[in-house]
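Asks: Sequence and predicted structure, then a few things I'm wondering about:
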There are 2 protein chains.
Amino acid sequence: MSNVEDTRICVVMVGLPARGKSLIAQKVVRYLSWLSISAKAFNVGTYRRHDTPQPTADFFDTKNPEGERLRHAAAEAAVADMLKWFDNSKGVVAILDATNSVKSRRRWVNERCAANNIQTLYVESKCDDEDLIMSNILEVKTTSPDYKGQDPEVAAQDFRNRIRNYEKVYQTIDEDEKDLTYVKLINVGSQVIINQIKDYLQSRVVYYLMNLHIRPRSIWLSRHGESEFNLSGRIGGDADISPRGELYARKLPELVAESVGDDRHLTIWTSTLKRTIQTARFLAASPKGYTKLEWKALDELDSGVCDGLTYQEIEDRYPEDFRARDDDKYNYRYRGGESYRDVVIRLEPIIMELERSENIIIVTHQAVLRCIYAYYMNVPQEKSPWMEVPLHTLIKLTPKAYSTQEERFKGNIPAVSTWRGKGSSARHQ
Amino acid sequence: MSNVEDTRICVVMVGLPARGKSLIAQKVVRYLSWLSISAKAFNVGTYRRHDTPQPTADFFDTKNPEGERLRHAAAEAAVADMLKWFDNSKGVVAILDATNSVKSRRRWVNERCAANNIQTLYVESKCDDEDLIMSNILEVKTTSPDYKGQDPEVAAQDFRNRIRNYEKVYQTIDEDEKDLTYVKLINVGSQVIINQIKDYLQSRVVYYLMNLHIRPRSIWLSRHGESEFNLSGRIGGDADISPRGELYARKLPELVAESVGDDRHLTIWTSTLKRTIQTARFLAASPKGYTKLEWKALDELDSGVCDGLTYQEIEDRYPEDFRARDDDKYNYRYRGGESYRDVVIRLEPIIMELERSENIIIVTHQAVLRCIYAYYMNVPQEKSPWMEVPLHTLIKLTPKAYSTQEERFKGNIPAVSTWRGKGSSARHQ
């Protein structure tokens, strides 16, 4: 719940090429979408490629009038589409992903937005860390459609020349623009300058940006070991793990060691419920000296009056609720309990803390794990509550620039399946 | 739950006199204490007054060697006490409340802290808004012990001279100090510069500081009108309001109008439970056009397996739990439910949003209201769960510089009392 109903924000990216602007834009879109805030990125490069699919560096020279004209036309087209999206799709946050490297261009965006009752939030990514820039150049030359099919060395050289053309005219956001709402991210969060933030949603986006880092790391996700409630097909509760769950708990340190592959320090997060704490206890006691934390926010989705019942009992006692949940599982709130939407909102501080952190292993519950997984893997709301997340399986997620890499490590310890298909109340297998 | 266990932070205030440093220090202490993070402010002025109770402005002239010596001794004494507090009281966040106006002094604090394994977070309050400075001067000359019993005009003039003495040598935090973790708050949050934030707790403090404002406003708190569950002495649930609760709901717009006293725009927040939504519905329908929001985070403390029971039934069925709750009501977590501590953690985003906002009226539940009230009125944890918050009463809180002013407006509509004293299971009256 937040008061975004009348707010419309255009996040205007600012920065030289290879400063991670598109990466930031995509992360913000994913984060807001996960929070059910309608968000979309408009990449001016994509519009420019329509007429100029593979320009060379001189296209970006401001002394090239044809290049200038085509680049401005691309910006016009992106902004026009963005305005349409705000009106037709009830958009809330658009990201204008382009260099927007001169003051006049930024003023122009500001005027177009103001005329349409849209706030602007400028996000400048500045970077003088050569390693960071080089790794971005490497990323671009191998993935950008601008250089598809070209020799990587030639592409890298041309891209450096393109950056040089931008550098000639680049204007950082300064005192002249102090009436604008802006954030300057310097070397990916090592310094952040925040100017004139006025609104709740702006402050959320800024806080998210402040917490981002790009150090390599992974996140491990595991459900608790099979519980006594899983065995009897009951939901919720605070049961102990079963003997097979205990086997998984004993196996977990080994699975983790296999998937970590080096001497990284891990932090273990569990919920406050017995089955996750029991599952993590051998890992927590390992000689590696991992830190352990219990979070109430990681507790299972609260099933309210249905807590402790089987799906069959729920269908018998609350047939309408049972059907309503199948119709819209993401939004269905158990009587006296929670919906998936509610769980996402209470997980928001967890995601923020995950963004700040390095290597974390989370031992939690089916619905909570689905929500966290959906954030990293960009799973839409209509699908996330139905995902199969088997017991006794360790999932390793490694965030990369434009996607998250996933590996699964099976414990090879039998367990019931707690997955229920839509329209079924089938007892667990 | 947060991973603060090994973290010790000294928040070092930086700024000329009359820049709101003590105000910020006190707010941070109150916020962290409310979150159960041990925090304390060390005001160097208090230590200086021990030897020099009422100095004149020339005491603060750096050309006055005796003044310099005494001021440095006061800083030494404050830092020594702070170090003792970290060790003896397991302190987590200390605030060193002083001008710390030159680089050498800031380096000195940094070295003292580093030697004791304490992180430093410098918080500089800069202000060139003359109105803001004047209102701070007014505050100081009327409340500071330095000027007790003196003519206010003479005091104000002396205080201005004192500021001038500081201005002569003041060094803002700049490039030379880029290895330090710091936040610069310019004109109370209109611009914020954040440098080298490394840690979760630092980022929480910084986010809190970013959200503060000093525009005048009030917050109104009300419980829902008497509910059918209140009448039967049951806790939790999602009952309708009673006929007397309905009378209160109809009266609420009038009580609000009386207490607002002008044409301020209010935003109404309720929980997602029927009794708060029903109570706020006439207010929401008022011709003033107030905005209304429902927050799951404002739902009543979840009483788990005790939901829907009377206190007598709880005592009969769960006698040990009943006693455990009386022994430590703040930390007692209902089986399958929540403790007051849990409620505070889920209310943290609400408090953050309240800090950002202007005039808000919150219609919520007894335990939730106690937690919000405890934040504003600095009520300790052992007391807050026992506070009496009667039904059918509107509470108006107006934050002032160093305290929060409270007024209560009674609806004069009878209701049961839902207050239960320690050790009693007495039925509601």
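Replies: That came in fine, so what should we check first? Residues are numbered from 1 along each chain as shown, chains lettered A, B, ... in the order given.
Asks: A:Asp238 reaches A:Ile277, doesn't it?
Replies: No: between A:Asp238 and A:Ile277 there is no contact under C-beta atoms under 8 Å: 10.3 Å. All C-beta spots, glycine's among them, are computed from the backbone N, C-alpha and C.
Asks: Which stretches in the stretch 201-350 of chain A count as strands?
Replies: Taking DSSP state E, counting those that start in this stretch as the test, the strands found in the stretch 201-350 of chain A are A:219-223, A:267-270, A:291-294.
Asks: most tightly surrounded among those strands?
Replies: Of the strands of the stretch 201-350 of chain A, the one with the most neighbours on average (mean count of other C-beta atoms under 10 Å in any protein chain shown) is strand A:219-223, at a mean of 25.
Asks: Can you add distance to chain B and mean pLDDT and give the strands of the stretch 201-350 of chain A back as JSON lines?
Replies: What follows is these, written out as JSON lines (distance: least, C-beta to the nearest C-beta, whole Å; pLDDT from 0 to 100):
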{"stretch": "strand A:219-223", "distance to chain B": "15", "mean pLDDT": "98"}
{"stretch": "strand A:267-270", "distance to chain B": "7", "mean pLDDT": "96"}
{"stretch": "strand A:291-294", "distance to chain B": "6", "mean pLDDT": "92"}
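Asks: can you redo those as CSV with distance to B:Glu167?
Replies: Output for the strands of the stretch 201-350 of chain A, formatted as CSV (distance: least, C-beta to C-beta, whole Å):
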stretch, distance to B:Glu167
strand A:219-223, 50
strand A:267-270, 46
strand A:291-294, 46
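Asks: To A:Asn412, which of these lies closest?
Replies: Smallest distance to A:Asn412 across those (C-beta to C-beta): 14.1 Å, for strand A:219-223.
Asks: That closest one packs against which elements?
Replies: Secondary-structure packing of strand A:219-223 (3 or more C-beta pairs under 8 Å, 6 or more residues apart in numbering or on different chains; DSSP states H and E): helix A:243-260, strand A:360-364, helix A:366-377, strand A:393-399.
Asks: mind checking which of those is nearest chain B?
Replies: strand A:360-364 (10.3 Å; C-beta to the nearest C-beta).
Asks: Report the mean per-residue pLDDT for the closest one.
Replies: Averaging pLDDT along strand A:360-364 yields 98.
Asks: who does it pair up with?
Replies: Strand pairing for strand A:360-364, determined by DSSP bridges: strand A:219-223 (parallel), strand A:267-270 (parallel).
Asks: Now render these as CSV, adding distance to A:Lys400.
Replies: CSV is the format used below for the strands paired with strand A:360-364 (distance: least, C-beta to C-beta, whole Å):
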stretch, distance to A:Lys400
strand A:219-223, 13
strand A:267-270, 21
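Asks: closest to A:His365 out of the ones you listed?
Replies: strand A:219-223 (6.5 Å).
Asks: That closest one versus strand A:393-399: what angle between them?
Replies: Computed with axes from the mean of the first three to the mean of the last three C-alpha atoms, to 10 degrees, the direction of strand A:219-223 lies at 160 degrees from that of strand A:393-399.
Asks: any low-confidence regions in chain A?
Replies: A:1-5, A:425-429 (pLDDT under 70).
Asks: Report the residue ranges of every domain in it.
Replies: According to the TED database, chain A comprises the domains A:9-211, A:219-410.
Asks: Which one, of those, ends up nearest to B:Ser125?
Replies: Between B:Ser125 and the domains of chain A, the shortest gap by C-beta to C-beta is with domain A:9-211, which sits at 15.1 Å.
Asks: Next, see if the closest one gets close to chain B.
Replies: Yes: using C-beta under 8 Å from any C-beta of the partner chain, domain A:9-211 comes into contact with chain B via A:178, A:189-197, A:200, A:203, A:206-207, A:210-211.
Asks: ok, and for the longest helix along chain A, which residues are buried?
Replies: Longest helix in chain A by number of residues, with DSSP state H as the criterion: helix A:65-88. Of the residues in helix A:65-88, those with enough neighbours to count as buried (16 or more other C-beta atoms under 10 Å in any protein chain shown) are A:67, A:70-71, A:74-75, A:77-79, A:82-83, A:86.
Asks: Between which two of the residues you listed is the distance greatest?
Replies: A:Gly67 and A:Phe86 (29.0 Å).
Asks: Checking my notes, A:Ile194 in a strand, right?
Replies: Yes: counting by DSSP: H, G, I helix; E, B strand; the rest coil, A:Ile194 is found in a strand.
Asks: What about it, how many residues nearby?
Replies: Using other C-beta atoms under 10 Å in any protein chain shown, A:Ile194 has 26 neighbouring residues.
Asks: same question, A:Pro145
Replies: That count, for A:Pro145 with other C-beta under 10 Å as the rule, works out to 11.
Asks: list the contacts for the residue of the stretch 251-400 of chain A found nearest chain B?
Replies: Residue of the stretch 251-400 of chain A nearest chain B, by C-beta to the nearest C-beta: A:Trp295 (4.7 Å). Listed by C-beta atoms under 8 Å, 6 or more residues apart in numbering or on different chains, the contact partners of A:Trp295 are A:269-272, A:350, B:1.
Asks: Format those as TSV; extra columns: distance to A:Arg215.
Replies: Formatted as TSV, the contacts of A:Trp295 follow (distance: C-beta to C-beta, whole Å):
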residue	distance to A:Arg215
A:Trp269	19
A:Thr270	24
A:Ser271	27
A:Thr272	29
A:Ile350	19
B:Met1	24
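Asks: wait, which of these is closest to A:Arg325?
Replies: Set against A:Arg325, the nearest of these by C-beta to C-beta is A:Ser271 (22.0 Å).
Asks: The closest one: neighbouring residues, count only.
Replies: Residues lying near A:Ser271 (other C-beta under 10 Å) number 23.
Asks: which ones are touching the closest residue in space to it that isn't next to it in sequence?
Replies: Nearest non-adjacent residue to A:Ser271, counting by C-beta to C-beta, 6 or more residues apart in numbering or on different chains: A:Leu298, 3.9 Å away. Residues counted as contacts of A:Leu298 (C-beta under 8 Å, 6+ apart) are A:269-272, A:276, A:347, A:350, A:362, A:364-365, A:368.
Asks: Now that we have those residues, which of them are buried?
Replies: The buried subset of the contacts of A:Leu298 - by 16+ other C-beta under 10 Å - is A:269-272, A:276, A:347, A:350, A:362, A:364-365, A:368.
Asks: among the helices and strands packed on strand A:219-223, which is the most enclosed?
Replies: Most buried among the helices and strands packed on strand A:219-223, counting by mean count of other C-beta under 10 Å: strand A:360-364, with a mean of 25.
Asks: Just the CA trace of that strand, in CSV.
Replies: Coordinates of each C-alpha in strand A:360-364 appear next as CSV, following Å, rounded to 0.1, in the frame of the first residue of the first chain:
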residue,chain,number,x,y,z
ILE,A,360,23.4,-14.8,1.6
ILE,A,361,21.6,-18.1,2.0
ILE,A,362,18.0,-17.9,2.8
VAL,A,363,16.2,-20.9,4.3
THR,A,364,12.5,-20.1,4.2
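Asks: How far does it sit from its chain's centre?
Replies: 17 Å (C-alpha atoms, centre = their mean, to the nearest Å).
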